[in-house]
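Participant: for reference, the sequence and a predicted model appear below.
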Amino acid sequence: MGRIMGLDFGSKTVGVALTDPMGVIVSPFETIVRDKENKLRPTLRRICQLAEEMEVDLIVLGHPLNMDDSVGERALKTEAFRDTLLHRLPETGREIPVVLWDERLSTMGADEILEESGVSQGNRKQYIDKIAAALILEDYMKNGMEKS
């Protein structure tokens, strides 16, 4: 397996993290911002562009389950986003699977990292989503790769 992309899908942003080409080291990469929650085309286009340019073999999409393991509104929107993304990924010319991965508390973990790093509250917004994506991807690599 080569490079893996991690995504933290939010209402107006998608945090993106990538592994190195050997699939070992995870790095926050970028935050894709959109004007409106339902305006997904540019977001999908950017994800497909990155997947093609970076030769991504797998996408891990954070799945925001509720703390009681139930599927809430945000998780349903994420599942719909996954389905739309799977429909668009063939444009890359490659077959790229998308795995849903439990992302509970990833944003809180990213916020703690930024606080410990001394990033001011006002500046955290530009980093939090891509760091959350990196935490989701790290957790998948640590706990999920053998399951998929």
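Facilitator: Thanks, I have it.
Participant: next, I96: phi, psi?
Facilitator: Main-chain dihedrals, I96, degrees, to the nearest 10: phi -120, psi 110.
Participant: what of T19?
Facilitator: phi -90, psi 170.
Participant: tell me the pLDDT of E55.
Facilitator: Listed pLDDT for E55 reads 94.
Participant: just give the closest residue to it, not the sequence neighbours.
Facilitator: The shortest distance from E55 to any residue other than its chain neighbours is 5.8 Å, reached at R3 (Cβ to Cβ, 6 or more residues apart in numbering). From N, CA and C alone the C-beta is placed, and that goes for glycine too.
Participant: would you check how far apart that neighbour and F29 are?
Facilitator: Applying Cβ to Cβ, to the nearest Å, the value for R3 to F29 is 11 Å.
Participant: neighbour count: these two, which is higher?
Facilitator: Neighbours were counted for R3 and for F29 using other Cβ atoms under 10 Å; F29 has more, 19 against 16.
Participant: what touches both of R3 and F29?
Facilitator: L18 (Cβ atoms under 8 Å, 6 or more residues apart in numbering).
Participant: can you pull the buried residues of the longest helix along the chain?
Facilitator: Secondary structure of the chain read by DSSP state H shows that its longest helix is helix 125-143. Residues 127-141 are the ones in helix 125-143 that count as buried (16 or more other Cβ atoms under 10 Å).
Participant: need the helices for the protein, in chain order.
Facilitator: In the chain, the helices defined using DSSP H lie at 41-53, 73-88, 106-116, 125-143.
Participant: low-scoring stretches of this structure, by residue?
Facilitator: 105-111, 114, 118-124, 126, 146-148 (pLDDT under 70).
Participant: in it, which residue is closest to the centre?
Facilitator: L7 (0.8 Å; Cα atoms, centre = their mean).
Participant: show me the beta-bridge partners of that one.
Facilitator: Per DSSP bridges, the residues bridged to L7 are V16, L61.
Participant: that one contacts H63, correct?
Facilitator: No - the criterion here is Cβ atoms under 8 Å, and L7 misses it with H63 at 10.4 Å.
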